[in-house]
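> just need the structure, nothing else, for what follows:
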Amino acid sequence: MVGQITRRFDAGDTEPVFFGSHRRPQAVLVPIATWERLLAAVEDDLDREVARERLADKRPWLSAEQLDAALDRAAEDAARTR
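Residues are numbered from 1 along each chain as shown. Model (predicted):
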């Protein structure tokens, strides 16, 4: 069965194949190119969501120097507590 599906995909058929029981889909097989497009789209959506959240954050941002100093202090504190 899987061999038939992969041959279909190799032949250019891009229709997903649904699996399940009692006529209820529980899983789906798609060609890898379809999967990669879906994954890229989801990653883009997640990136946009993070960007929106960051743009909506009105708190002041640390400069590179302030961030470096804060990380140095955190590393020193961690070294002292060992």
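> show me where this protein has helices.
Counting by DSSP state H, the chain has helices at residues 2-10, 32-56, 64-80.
> nearest to V17, of those helices?
For V17, the closest of the helices of the chain is helix 2-10, at 5.4 Å, according to Cβ to Cβ. In short, each C-beta sits where N, CA and C put it, glycine included.
> what's next to that closest one, contact-wise?
Identification of contacts with helix 2-10 by Cβ atoms under 8 Å, 6 or more residues apart in numbering yields E15, V17, L29, P31, I32.
> just the ones of the residues you listed in strands?
V17, L29 (DSSP state E).
> neighbour-wise, which one of the contacts of helix 2-10 leads?
Neighbour tally across the contacts of helix 2-10 (other Cβ atoms under 10 Å): the maximum, 19 neighbours, falls on P31.
> could you dump the helices of the chain to TSV with distance to P25 and mean pLDDT?
Shown next, in TSV, are the helices of the chain (distance: least, Cβ to Cβ, whole Å; pLDDT from 0 to 100):
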stretch	distance to P25	mean pLDDT
helix 2-10	15	94
helix 32-56	16	95
helix 64-80	47	94
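> mind putting these in a markdown table, distance to S21 included?
Formatted as a markdown table, the helices of the chain follow (distance: least, Cβ to Cβ, whole Å):
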| stretch | distance to S21 |
| --- | --- |
| helix 2-10 | 18 |
| helix 32-56 | 23 |
| helix 64-80 | 52 |
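> farthest-apart pair in the contacts of helix 2-10, please.
Farthest-apart pair in the contacts of helix 2-10 is E15 and I32; separation 14.4 Å (Cβ to Cβ).
> any idea how the chain splits into domains?
Using automatic domain parsing, the domain ranges for the chain come out as 1-30, 31-82.
> I am finished for the moment; much appreciated.
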